[in-house]
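> with the input below, show me the fold.
(one chain, ligands or ions: 1)
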Amino acid sequence: MFFVFDGVDGAGKSTQLNLFASWLRERGLDVVCCSDPGTTQLGNQMRSLLLGNHEVAIHMRSEMLMFMTARCQLVEELIRPALASGKTVVCDRYVYSTVVYQGHAGDLNPDDVWQVNQIATGGLMADMTFIFDLDVETVSQRLGESRDRMESRGAAYFQRVRDGFLSEAKRWPELAMLVDASGDIDSIQATIRKATESILENTLG
Ligand code: TYD
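Sure thing, here's the model as predicted:
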């Protein structure tokens, strides 16, 4: 099984991902966690370029392809082999992020970005993507003053990110579930676990 935690910045998805992975392990599953972009050597190098505060010019289409490069490597080096050996993969961000950050918010055509995703991942989609939603003001407060290259883009960009996730979540309702990230940690985790219980029941019988 392959699960993804995605959505707006500052929504607490990493905390939720760690709690979720521990819970899956308690249920006896062999769990591998990863981050997109990152986890592989190539992915980490792309991540530094993509998120670092530097002066290197990066066109939006280049940026999209760099996220895709990191993703392709992550899929081939880690995710596919893990799934093939029966492990459960939990990934921090994946295909929806590029469609939303570089597509909806970055003015690239979201359908084009879906097509490149298809090539980068060889068509590998997650069984379920939890999309964390939070209003832009709260996101901005939580991010504070110290921001990476992506987080420095300002409120208008983040509003487009939020709206993009809300619209993409509706595209394939069986593949993605919106999670209201304004609640407390335990109730958000409970919602995610409940949804997962039914997915596991349906899959494992
Ligand atoms: P993330 O790892 O969630 O950030 P952090 O570790 O700082 O919490 O995501 C990195 C940033 O990159 C985040 O602002 C979203 C952005 N991003 C894109 O713009 N496109 C993408 O395809 C991905 C995967 C992330």
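
> what is the neighbour count of residue 31?
The number of residues packed near residue 31 is 18, by other CB atoms under 10 Å. No exception for glycine: its C-beta is placed from N, CA and C like everyone else's.

> ok, residue 71 next?
A total of 27 residues lie near residue 71 under the criterion other CB under 10 Å.

> show me what contacts it?
By CB atoms under 8 Å, 6 or more residues apart in numbering, residue 71 lies in contact with 36-37, 43, 94-95, 98, 117, 120-121.

> in helices only, show me those residues.
Applying DSSP state H to the contacts of residue 71, the entries found in helices are 43, 95, 98, 117, 120-121.

> determine which two of those residues are furthest apart.
Checked with CB to CB, the ones in helices among the contacts of residue 71 reach their widest spread between 43 and 117, with 15.5 Å between them.

> and the ones in helices among the contacts of residue 71, which is closest to the ligand?
residue 98 (3.4 Å; CB to the nearest ligand atom).

> pLDDT value on the closest one, please?
Residue 98 is assigned a pLDDT of 98 by the prediction.

> who touches the closest residue to it other than its chain neighbours in this structure?
With sequence-adjacent residues excluded and distances taken as CB to CB, 6 or more residues apart in numbering, residue 98 is closest to residue 67, at 4.9 Å. Counting by CB under 8 Å, 6+ apart, residue 67 touches 36-37, 46, 50, 97-98, 102.

> mind checking how far residue 67 is from residue 74?
11 Å (CB to CB, to the nearest Å).

> give me the common contacts of those two.
36-37.

> tell me what the longest helix along the chain is packed against?
Of all the segments of type helix in the chain, defined by DSSP H, the longest one is helix 185-204. Judged by 3 or more CB pairs under 8 Å, 6 or more residues apart in numbering; DSSP states H and E, helix 185-204 is in contact with helix 13-26, strand 128-133, strand 176-180.

> convert the C-alpha atoms of it to PDB, please.
Coordinates of each C-alpha in helix 185-204 appear next as PDB, following Å, rounded to 0.1, in the frame of the first residue of the first chain:
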ATOM      1  CA  ILE A 185      -3.600  16.700  16.400                       C
ATOM      2  CA  ASP A 186      -5.500  13.800  17.900                       C
ATOM      3  CA  SER A 187      -8.800  14.300  16.000                       C
ATOM      4  CA  ILE A 188      -7.000  14.900  12.700                       C
ATOM      5  CA  GLN A 189      -5.100  11.600  13.300                       C
ATOM      6  CA  ALA A 190      -8.300   9.800  14.200                       C
ATOM      7  CA  THR A 191      -9.900  10.900  10.900                       C
ATOM      8  CA  ILE A 192      -7.000   9.700   8.900                       C
ATOM      9  CA  ARG A 193      -6.900   6.300  10.700                       C
ATOM     10  CA  LYS A 194     -10.600   5.800  10.200                       C
ATOM     11  CA  ALA A 195     -10.300   6.400   6.500                       C
ATOM     12  CA  THR A 196      -7.400   4.000   6.300                       C
ATOM     13  CA  GLU A 197      -9.100   1.300   8.300                       C
ATOM     14  CA  SER A 198     -11.700   1.000   5.500                       C
ATOM     15  CA  ILE A 199      -9.100   1.100   2.800                       C
ATOM     16  CA  LEU A 200      -7.200  -1.700   4.500                       C
ATOM     17  CA  GLU A 201     -10.300  -3.700   5.000                       C
ATOM     18  CA  ASN A 202     -11.300  -3.400   1.400                       C
ATOM     19  CA  THR A 203      -7.800  -4.300   0.200                       C
ATOM     20  CA  LEU A 204      -6.700  -7.000   2.600                       C
END
